[in-house]
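sequence? don't have it. structure:
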């Protein structure tokens with residue numbers, strides 16, 4: 001969970017996740033959307049992959065990144081337990 005929240009804590013990584021919401025993208029496509037160096041984007045993608053928020057598939061010289069929706073479902077389920085818990089009322 002720590003890697004997950006560390007990954008989500010950064011606005012650039014959240015923006016990368018938003019890009020991937022529209023479908024898989026290559027690392028080059030992702031890098032073009034930002035004003036950072038490719039090594040910087042690669043670092044962000046690596047942290048997202050370590051947190052299992054994205055998966056990567058290498059085909060030749062291209063690496064394609066995709067959202068890992070299973071992890072998002074787990075996060076939502078974990079958060080919903082707090083919403084669904086009963087709160088005692090004090091009088």
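Received, thanks. Computed from a prediction, not measured in an experiment: that's the story for all the values here.

can you tell me which residue is nearest the centre of this structure?
The centroid of the chain falls nearest to residue 53 when counting by C-alpha atoms, centre = their mean (4.0 Å).

Retrieve the pLDDT associated with that one.
Per-residue pLDDT puts residue 53 at 96.

what's stretch 33-51 in contact with?
3-4, 6-8, 10, 12-13, 15-17, 19, 27-28, 30-31, 54-56, 65, 71 (C-beta atoms under 8 Å, 6 or more residues apart in numbering). Quick note: C-beta positions are derived from backbone N, CA and C, even for glycine.

Give me the buried subset of the residues you listed.
4, 7-8, 13, 16-17, 27, 30-31, 54-55, 65 (16 or more other C-beta atoms under 10 Å).

Output the residues you listed in CSV; the columns should cover secondary structure and distance to residue 76.
Converted to CSV, these look like this (DSSP: H, G, I helix; E, B strand; the rest coil; distance: C-beta to C-beta, whole Å):
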residue, secondary structure, distance to residue 76
4, helix, 12
7, helix, 16
8, helix, 13
13, helix, 18
16, helix, 19
17, helix, 14
27, helix, 27
30, helix, 24
31, helix, 29
54, strand, 17
55, strand, 18
65, strand, 21
